[in-house]
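# Take this sequence and fold it.
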Amino acid sequence: MSIRARSLVAAVALSTLALSACGSRVHDTGSTGGGATGAATTNAANTASDTGVTPTDIKVGVMTGQDGFLGGDVFSSPLYGAQAYFDALNDQGGINGRKVTVDPCDDKSSPDGNVACVHKMIDDDKVFAMTATTSFQYSGAQYVNSKGVPDVGGQPVSGNAYNQYPNLYSIYGGFGYPRDGKAPGYNGTLVNATQDYRWFKEKLGAKTAAVVFFGIAQSQQYAEQISAGLKAEGIRVVPEQINLGLPNWDAAVLDMKKNNVDLVYDALTADANVSLCKSIQAQGMPLKAKVTTTQSWTDDAGSVYASTPTCLNNLYAVSQDQNYNNVADPGVKAYRDAIAKYHPERAGKMNMWMFEGYLAAMWLSDAMKSCGSDLTRKCVTNYMNTTTYNANGLMIPRDFKPVIPAPRTEKGCLNVVRWTSKAPTGAAGWTSQTADMTTNCFTVPTFPLKAT
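Numbers count the residues shown, from 1 in each chain. As a prediction, the model looks like this:
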């Protein structure tokens with residue numbers, strides 16, 4: 001199987017414009033590797049088999065924007081998830097007896113900082129591979145690819161590097177694209193599917209959706225992508241453009257109310273979302289769903305939207321990964337236990353990006369385990385290019401096998417969560433709305449988007 005994802009369209013001050021993965025295309029062949037933190041066997045035959053590898057150690061780079069203008073918690077969460085996974089893995093023997101050493105780098109969410117981090121990790125620190133990359137602008141992507149460094153499980157925050165370069169592996173899979181280093185996607189065209197919108201149409205009966213966006217290019221582009229998917233599903237779209245300097249939320253909400261909008265999407269900042277929801281509350285607008293983004297799938301949603309119960313009680317998110325609140329799943333429990341043990345300061349700040357950082361580290365680790373004592377970059381990339389992966393059930397299966405030509409329809413699967421007053425953890429939080437995300441699937445049309 002493979003995942004086709006929308007890239008995260010982000011702009012200065014638009015830190016919440018994350019587009020979730022857009023579903024999975026199902027194949028019938030291939031393994032679905034993955035494991036939580038299973039112990040590895042020590043092998044005395046280990047050698048310094050590649051750059052960043054010694055008989056006892058593997059150096060892995062994790063690049064995130066920890067101190068940039070977007071704030072420390074926006075892009076840094078995947079680092080803590082990855083570190084927690086590697087810490088637990090090392091306590092159980094590492095990978096074939098080798099300890100994984102994390103080499104973090106803060107690119108400060110800037111293009112120059114990103115390039116500097118890439119050169120530091122590759123040229124100076126000699127990392128073997130990278131994982132959980134979460135960069136606002138991945139300006140160093142071409143250099144990473146040119147050096148043959150596998151970048152496994154990265155977040156496609158902005159741009160199309162993960163849709164273009166063969167050594168870069170998005171956390172959401174390969175999308176079926178050739179990824180030959182030339183134009184992104186299919187010769188500069190990306191393809192999306194509509195299962196995210198189909199779910200809300202079929203399960204909630206949504207008929208009319210508002211897409212709220214700022215009058216600037218990046219926000220408009222994201223809004224256009226959402227609108228295209230909604231229209232492909234026959235859902236009526238009411239666009240609401242907001243003046244960034246002088247926002248008139250009440251006017252937009254009154255227009256939505258007049259048009260009987262029951263589903264709200266946005267291309268706004270986190271603060272703007274709160275303002276929008278305050279207006280929805282004040283105007284008494286009925287709502288079936290306020291759909292938020294993957295990086296807003298956080299445990300602080302309850303406090304963020306506390307003053308706007310209409311939004312809070314109808315707050316949804318979608319992904320292609322397990323809900324990090326589903327503690328009955330042993331893999332989720334292992335994740336939460338690892339965070340509590342190795343990064344207790346983050347235990348009260350659970351969010352989906354931290355969980356995806358953990359999954360990225362797991363994916364890279366399973367690729368490295370497959371190599372035994374002869375750990376090489378070539379072996380890891382071969383694993384990534386040929387293996388269908390599900391992280392022991394924590395992911396909807398995905399791969400990096402090209403599908404040419406672009407499909408006109410896809411079988412798309414997704415996980416859907418909703419904020420509820422009592423989650424499986426016993427407190428308010430995100431609750432899964434699907435019994436099994438791998439069977440919550442729809443055969444849906446695809447639609448083209450120009451790579452930007």
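
# And the residue nearest the centre of the chain?
The centroid of the chain falls nearest to Gln155 when counting by Cα atoms, centre = their mean (5.4 Å).

# For the closest residue to it other than its chain neighbours, give the beta-bridge partners.
Nearest-residue entry for Gln155: Thr134, 4.5 Å, with adjacent residues in sequence omitted and distances by Cβ to Cβ, 6 or more residues apart in numbering. (Glycine included, C-beta is placed from N, CA and C.) Thr134 has the following beta-bridge partners by DSSP bridges: Thr64.

# Give me the buried stretch members for stretch 85-98, please.
Residues of stretch 85-98 classed as buried: Tyr85, Phe86, Asp87, Ala88, Leu89, Asn90, Gly93, Gly94, Ile95, Asn96, Gly97, Arg98 (neighbour count, 16 or more other Cβ atoms under 10 Å).

# Looking at those, which is nearest Ala334?
Nearest to Ala334 among these is Ala88, at 7.3 Å by Cβ to Cβ.

# For that closest one, what are phi and psi?
Main-chain torsions, Ala88, degrees, to the nearest 10: phi -70, psi -40.

# I figured it was touching Ala334, is that so?
Yes: in this structure, Ala88 is within contact of Ala334 by Cβ atoms under 8 Å, at 7.3 Å.

# Could I get the buried residues of stretch 85-98 in a markdown table, plus columns for distance to Ala428, pLDDT and secondary structure?
A markdown table is the format used below for the buried residues of stretch 85-98 (distance: Cβ to Cβ, whole Å; pLDDT from 0 to 100; DSSP: H, G, I helix; E, B strand; the rest coil):
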| residue | distance to Ala428 | pLDDT | secondary structure |
| --- | --- | --- | --- |
| Tyr85 | 27 | 98 | helix |
| Phe86 | 31 | 98 | helix |
| Asp87 | 29 | 98 | helix |
| Ala88 | 28 | 98 | helix |
| Leu89 | 32 | 98 | helix |
| Asn90 | 34 | 98 | helix |
| Gly93 | 38 | 97 | coil |
| Gly94 | 38 | 98 | coil |
| Ile95 | 38 | 98 | strand |
| Asn96 | 43 | 96 | coil |
| Gly97 | 44 | 96 | coil |
| Arg98 | 42 | 98 | strand |
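
# can you list those in a markdown table and add distance to Val144?
Written out in a markdown table, the entries for the buried residues of stretch 85-98 read as follows (distance: Cβ to Cβ, whole Å):
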| residue | distance to Val144 |
| --- | --- |
| Tyr85 | 21 |
| Phe86 | 20 |
| Asp87 | 25 |
| Ala88 | 26 |
| Leu89 | 23 |
| Asn90 | 25 |
| Gly93 | 29 |
| Gly94 | 24 |
| Ile95 | 21 |
| Asn96 | 25 |
| Gly97 | 28 |
| Arg98 | 22 |
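
# any idea which of those residues is the one closest to Gly302?
Nearest to Gly302, judged by Cβ to Cβ, of the buried residues of stretch 85-98 is Tyr85 at 26.7 Å.

# Regarding the residue nearest to the closest one when sequence neighbours are not counted, what is its secondary structure?
Leaving aside its chain neighbours, Tyr85 sits nearest to Ala361 (3.8 Å; criterion: Cβ to Cβ, 6+ apart). Recorded secondary structure, Ala361: helix (DSSP: H, G, I helix; E, B strand; the rest coil).

# next one: Arg179
Classification of Arg179 by three-state DSSP places it in coil.

# Now do Gly148 against Thr434, distance only.
Counting by Cβ to Cβ, to the nearest Å, the gap from Gly148 to Thr434 is 39 Å.

# Compare the two (neighbour count), which wins?
More neighbours surround Thr434 than the other of Gly148 and Thr434, with 18 against 14 (other Cβ atoms under 10 Å).

# Tell me if I'm right that that one and Ile396 touch.
No: between Thr434 and Ile396 there is no contact, the gap being 10.8 Å when judged by Cβ under 8 Å.

# intersection of neighbour lists for those two?
Leu414, Asn415 (Cβ atoms under 8 Å, 6 or more residues apart in numbering).

# ok, now which ones touch the residue nearest to Gln155?
With contact taken as Cβ under 8 Å, 6+ apart, Thr134 is in contact with 63-65, 75-79, 154-155, 157, 353, 357.

# Just the buried ones from those residues?
Among the contacts of Thr134, the ones that count as buried by 16+ other Cβ under 10 Å are 63-65, 75-79, 154-155, 157, 353, 357.

# is it possible to export the residues you listed to a markdown table including pLDDT and distance to Ser139?
Shown next, in a markdown table, are the buried ones among the contacts of Thr134 (pLDDT from 0 to 100; distance: Cβ to Cβ, whole Å):
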| residue | pLDDT | distance to Ser139 |
| --- | --- | --- |
| Met63 | 97 | 11 |
| Thr64 | 95 | 15 |
| Gly65 | 90 | 12 |
| Phe75 | 84 | 15 |
| Ser76 | 91 | 19 |
| Ser77 | 93 | 21 |
| Pro78 | 96 | 18 |
| Leu79 | 97 | 19 |
| Gly154 | 97 | 14 |
| Gln155 | 91 | 15 |
| Val157 | 84 | 12 |
| Trp353 | 93 | 21 |
| Gly357 | 97 | 21 |
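
# can I get these in CSV with secondary structure and distance to Thr443?
CSV is the format used below for those (DSSP: H, G, I helix; E, B strand; the rest coil; distance: Cβ to Cβ, whole Å):
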residue, secondary structure, distance to Thr443
Met63, strand, 37
Thr64, strand, 37
Gly65, coil, 38
Phe75, helix, 35
Ser76, coil, 38
Ser77, helix, 34
Pro78, helix, 32
Leu79, helix, 37
Gly154, strand, 29
Gln155, coil, 28
Val157, coil, 30
Trp353, helix, 30
Gly357, helix, 32
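
# Take these and lay them out in JSON lines including distance to Pro445.
Compiled in JSON lines, these are given as follows (distance: Cβ to Cβ, whole Å):
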{"residue": "Met63", "distance to Pro445": "36"}
{"residue": "Thr64", "distance to Pro445": "36"}
{"residue": "Gly65", "distance to Pro445": "35"}
{"residue": "Phe75", "distance to Pro445": "33"}
{"residue": "Ser76", "distance to Pro445": "37"}
{"residue": "Ser77", "distance to Pro445": "34"}
{"residue": "Pro78", "distance to Pro445": "32"}
{"residue": "Leu79", "distance to Pro445": "37"}
{"residue": "Gly154", "distance to Pro445": "28"}
{"residue": "Gln155", "distance to Pro445": "27"}
{"residue": "Val157", "distance to Pro445": "27"}
{"residue": "Trp353", "distance to Pro445": "29"}
{"residue": "Gly357", "distance to Pro445": "33"}
